[in-house]
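**Q** Predicted coordinates and the sequence they were generated for:
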2 protein chains.
Amino acid sequence: MALIVQKYGGTSVGNTERIKNVVARVAKYRAEGHRLVVVVSAMSGVTDNLIKLAKEIMPLPSEREMDMLLATGEQTTIALAAMALHAIGVPAVSLTGAQAGIVTDGVHTKAKIQNITPKRVHALLDGGQVVIVAGFQGETLEGQITTLGRGGSDLTAIALAAALKADLCQIYTDVDGVYTADPRIVPGARKLSEISYDEMLELAGAGAKIMQLRSVEFAKKFGVIFEVRSSLNDNPGTIVKEETKSMEDVVIRGVSLDKNQAKVTLIGVPDRPGTAASIFKALAEAAINVDMIVQNVSHGSGTPTTDLSFTVDKPDLLKAQKVIEGLKKEIGFRQVTANEAIGKLSIVGVGMRSHSGIAARMFDTLAREGINIDMISTSEIKISVAIDLAKAEHATRVLHQVFLGA
Amino acid sequence: MALIVQKYGGTSVGNTERIKNVVARVAKYRAEGHRLVVVVSAMSGVTDNLIKLAKEIMPLPSEREMDMLLATGEQTTIALAAMALHAIGVPAVSLTGAQAGIVTDGVHTKAKIQNITPKRVHALLDGGQVVIVAGFQGETLEGQITTLGRGGSDLTAIALAAALKADLCQIYTDVDGVYTADPRIVPGARKLSEISYDEMLELAGAGAKIMQLRSVEFAKKFGVIFEVRSSLNDNPGTIVKEETKSMEDVVIRGVSLDKNQAKVTLIGVPDRPGTAASIFKALAEAAINVDMIVQNVSHGSGTPTTDLSFTVDKPDLLKAQKVIEGLKKEIGFRQVTANEAIGKLSIVGVGMRSHSGIAARMFDTLAREGINIDMISTSEIKISVAIDLAKAEHATRVLHQVFLGA
C-alpha cells in the first residue's frame, strides 16, 4: 500500500466527462489499496476566461486581486472532482491550497512555497478519504491567497509529495513521457524510461515544454522521484530521479529544439569594462530572460569595438530592443539588429561528463550538412547552438540519428 | 463621515460593465468622505452554471462540495470589483467570507452566521481601503468553506453592518424600494419611504420577493437599519427599521399577492387526536414548508370526519402529495385533492393592532366583488386569504384601492 500523489493538468480535467475519466483512474489505484492525494489544475480555458474578464476591467490588474480571481479556477475543479469520486462511491474531500497547508511567501502571481503543513491532508487520508488538492495556489501566513505562477500545479504536487513523504508522484499530462526528441520532428524519437533531474532541467531549459524548470528543481532539491505519464492511456511514463551510475553509459539522453528564441546583436560596442554588465543589468531590471550570450572581438581601426549577441524569448524581443535603444547614449554602440529566424538546438546527457569529443562531433555533423553555427553555449551536460531556423528541424533529425541512432 | 455597508446583487454585477457602474457609485460615496464596505454576489448566471456542472457529475452532489464550488462565484466578483475600483484610482481590497471573519456553523449550503470577527475589515478601513466582501459565504471554526443559502448576500451585508456598527446599510437591487403593492399588478402602487421590520417580514412571507425572511429577521434582532434601493438610479429607497409610533397611523402598509402556492385538501379525515400532527410532521421531515392551514368540521353520519386543507409552494406540490399518499393507511382519509389555481392575497400593516374591523372590511370588499374566500390565516399585523387565481390580480387592485386609496 503506497501513498501516491497524482497531478492532472487543465486538459485532463477540461470538462466534466474528462473529470470522470480522471477519477476512474484514481479509483482504480485506490481499489489496489493505495492512499491517494490528487492535485488538479483549473479546467482548460477557465483561467484564460478569468484573465479576459480582468483585462476588460483594466489592462494591468493588481497581482493580489489576480490571485484572488485565478484561485477560483482550481477551486472549481477540486469540488467537481470530489463529486465525481462520490458519484462512483469513493469517499473524497477537496481542499484549497490554503486548506491543504500550502504556505507561500507574499509575492503574488509567482509566490514561492515556503512550507507545507499537511496536517489536514494526513487526517483525511487516515480517515480513508481521497484528498483532492487545488494546484497552483497557496496562502501566506497572513491569510492572503497566492498563486504560484506557470507550472504551479506541478510544483504543488511535487511539494506535497515531499511533505507527505509519498512513495510515488505521478505527473499526468497529454504526452506519454519524456522523449529523446520531439516525435513531431523526429519520427524515430523514443520514450525514455528514466532521466536524471539534471538532464530534465537542461531539456526543460532547452525548450522541451513538458514541465517548468522550478518544479524539477524543487524535486531535485527534495529528492522527489516523479513519473511523467499520459492521462489518456495506461502506458508507463518516464521516471525522473537522481542520476545513477548506469545513466552515464548513455552519452546523449535527448535532442531538443527551441524555436521560441530571437537573437539581438549590438554592433560596434566600444570595448570598455562594465559595458556588458550595464546591458544585462538593464535587461534583468525589465524582467527579460537572456539565454545565450556571445561576444566577438572586432578588429577595426581606431577604438577597439566588439559585437555582442544574445538571445531572448521571442515575445520579449520588442521590449529588449527598446531597453537596448535606451542605452545607446550611455554605451555608444553603432547599431542593433534582431533576428527571429533562429532555432536553438541542444543535446543533453550526463554521459557527456565522461565522454570526450561530443561537442566536436556535434559541430562536425552540422558542418557536413552545410549548417552554419551562429552562437554556442555549453553547460556540463548540455551543448546548445543557435542556427538558421529554416534548417533547424533537419539538423535536429541529423543529430538524433548521429547520437541516438534513429 | 459615515461607515456604510452596501450590498449589490448578481444582476447589478452581471458583467464587467455593470461592475464598473457599481464601483462608480461606491467611489462617489467615498469621495463624500465615507468609509465603505461593499458586499457582492456572484455575477448573475455564474451560480447556475456551476450548479449545471455539478449536476453533469451527479444529481445530488455533496453539500460540502457544493459550498466549495459555489463559493468561487462571489470570489470572482470581489476580485473584479476591487480591480474596477483600482482602475478609477480608488484603493480597494477584496476579502472572501472567511477572510472577512464570517464564522458560520457547519450546515453546508444553508449555514448560519455564528459570529463575525471583522478585525481585518477594520484594519483595512483604517488604512483607507474600500473593503469588498464576498457575500453568501463564510467559514466554520474548523476551516470549512460554507454558504448561507438563498438571500445569503443580504445576510452577509446586514450581519457585517451589525458587527461593524455601520451607520448605514444599503441593499441595492433591481427595484426602487418596497412598494404598497406590485406595480405590475397595481398601477397606482407607491414606493414606501419607510417600513417596520415586522411589516417587511410579513410582506416577505406573503410572497414579496425583495428579501429573504431571515435577513430581515437578523436585521430586526440586531437593530440594523437598512435601505432597499435601486442600483440603476439615484432615487432614495425604502428604509426598514424598528416600528415607530407614527407608523401605526397607517392602517395597511401594503397588499401582496403570492401566486406560487398550491392547495392540498384531505377529504374525510377521521377526527382523531394526533392526526394533524402526523400529517405536518411527515411534511416537515420531507422539508416541505406549509403555509396556510384550515380544518373544517364535516357533519356526516357514522364516524365524525373532517376536511383538512393546507398550502405549500408550487414546486413542492408533487412531493407533498406523495408524502400524504404514504400516510393513507395510517390516517385513513378518503381522498386527496390538489389545486394549483389559487392566489394568496395578504394585507399587512402594524396599524392593524390599533384599528379594529380590518378583517371584516377586507372580507366584505371581496364579497362585494363576488370573490369566494377559500382559506384564511391571520397574524397580528397580517391577514391572508386564498382565493381563485383567476380573480387574484383584480382582488389585489380592489384591496389596494380600498385600503391604500389608489
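**A** Structure's in. What do you need?

**Q** When you work out contacts or count neighbours from here on, use the C-alpha atoms and nothing else.
**A** Noted.

**Q** For chain B, what's the nearest residue on the stretch 201-350 of chain A?
**A** Of all residues in the stretch 201-350 of chain A, the one sitting closest to chain B is residue A:231 (19.2 Å; Cα to the nearest Cα).

**Q** got a list of what that residue touches?
**A** Taking Cα atoms under 8 Å, 6 or more residues apart in numbering or on different chains as the criterion, residue A:231 is in contact with A:8, A:12, A:22, A:172-174.

**Q** List the ones among these that fall in strands.
**A** Judged by DSSP state E, strands contain the following of the contacts of residue A:231: A:8, A:172-173.

**Q** If we only consider those, which is nearest to chain B?
**A** Using Cα to the nearest Cα, residue A:8 comes nearest to chain B of these, at 17.8 Å.

**Q** Wait, that closest one touches residue A:169, no?
**A** No. In this structure residue A:8 lies outside contact range of residue A:169 using Cα atoms under 8 Å: 11.3 Å.

**Q** For chain A, which residues are neighbours of chain B?
**A** Proximity of chain A to chain B, by Cα under 8 Å from any Cα of the partner chain, involves residues A:16, A:20, A:53-54, A:56-58, A:61-62, A:65-66, A:68-69, A:72-73, A:75-76, A:79-80, A:82-84, A:86-87, A:93-94, A:99, A:143.

**Q** Was I right to think residue A:92 contacts residue A:86?
**A** Yes. Here residue A:92 reaches residue A:86: they are 6.6 Å apart, a contact under Cα under 8 Å.

**Q** So which of these two has more stuff around it?
**A** Per other Cα atoms under 10 Å in any protein chain shown, whichever of residue A:92 and residue A:86 has more neighbours is residue A:92, with 22 against 19.

**Q** give the contact list for the more buried one.
**A** For residue A:92, the contact set (Cα under 8 Å, 6+ apart) comprises A:82-83, A:85-86, A:129-132.

**Q** Most neighbours of all the ones in strands among the contacts of residue A:231, which one?
**A** Of all the ones in strands among the contacts of residue A:231, residue A:8 has the most neighbours under the rule other Cα under 10 Å, reaching 26 neighbours.

**Q** Quick check: phi and psi on the closest residue to chain B within the stretch 101-250 of chain A?
**A** Nearest to chain B, among the residues of the stretch 101-250 of chain A, is residue A:143, at 7.3 Å (Cα to the nearest Cα). Main-chain torsions, residue A:143, degrees, to the nearest 10: phi 90, psi 20.

**Q** which ones among the residues of chain A next to chain B are found in strands?
**A** Going by DSSP E, the strands hold A:93-94 from the residues of chain A next to chain B.

**Q** Among the residues of chain A next to chain B, name the ones in helices.
**A** Using DSSP state H, the subset of these located in helices is A:16, A:20, A:53-54, A:56-57, A:65-66, A:68-69, A:72-73, A:75-76, A:79-80, A:82-84, A:86-87.

**Q** Mind checking which of the residues you listed are buried?
**A** A:16, A:20, A:53-54, A:57, A:65-66, A:68-69, A:72-73, A:75-76, A:79-80, A:82-84, A:86-87 (16 or more other Cα atoms under 10 Å in any protein chain shown).

**Q** Name every sheet partner of the least confident helix or strand in chain A by mean pLDDT and say whether each one runs parallel or antiparallel.
**A** Between all helices and strands in chain A, the lowest mean by mean pLDDT, DSSP states H and E belongs to strand A:290-297, at a mean of 85. Applying DSSP bridges, strand A:290-297 is found paired with strand A:305-313 (antiparallel).

**Q** Now do the strand it pairs with: distance to the chain's middle.
**A** 25 Å (Cα atoms, centre = their mean, to the nearest Å).

**Q** can you tell me the average pLDDT over it?
**A** The average pLDDT within strand A:305-313 is 90.

**Q** Over to stretch A:237-254?
**A** Per-residue scores along stretch A:237-254 average to 90.

**Q** which outside residues touch stretch A:150-168?
**A** Outside of stretch A:150-168, the residues within contact range by Cα under 8 Å, 6+ apart are A:2-7, A:9, A:38-41, A:110, A:116-118, A:122, A:134-137, A:169, A:171, A:211-212, A:214-215, A:218-219, A:222-227.

**Q** cool, stretch A:338-345 as well?
**A** Residues outside stretch A:338-345 that contact it (Cα under 8 Å, 6+ apart) are A:206, A:255-265, A:314, A:384-390, A:392, A:396.

**Q** List the ones among those that fall in strands.
**A** Among these, the members falling in strands are A:255-258, A:261-265, A:384-388 (criterion: DSSP E).

**Q** before we move on, the earlier item: tally of neighbours for the nearest residue to the residue of the stretch 101-250 of chain A closest to chain B once chain neighbours are set aside?
**A** Excluding its sequence neighbours, the residue lying closest to residue A:143 (Cα to Cα, 6 or more residues apart in numbering or on different chains) is residue B:99, at 7.3 Å. The burial count assigned to residue B:99 is 21, neighbours taken as other Cα under 10 Å.

**Q** measure residue B:99 to residue A:32 for me?
**A** Distance, residue B:99 to residue A:32, using Cα to Cα, to the nearest Å: 40 Å.

**Q** And what about residue A:214, helix, strand or coil?
**A** With DSSP: H, G, I helix; E, B strand; the rest coil as the basis, residue A:214 sits in helix.
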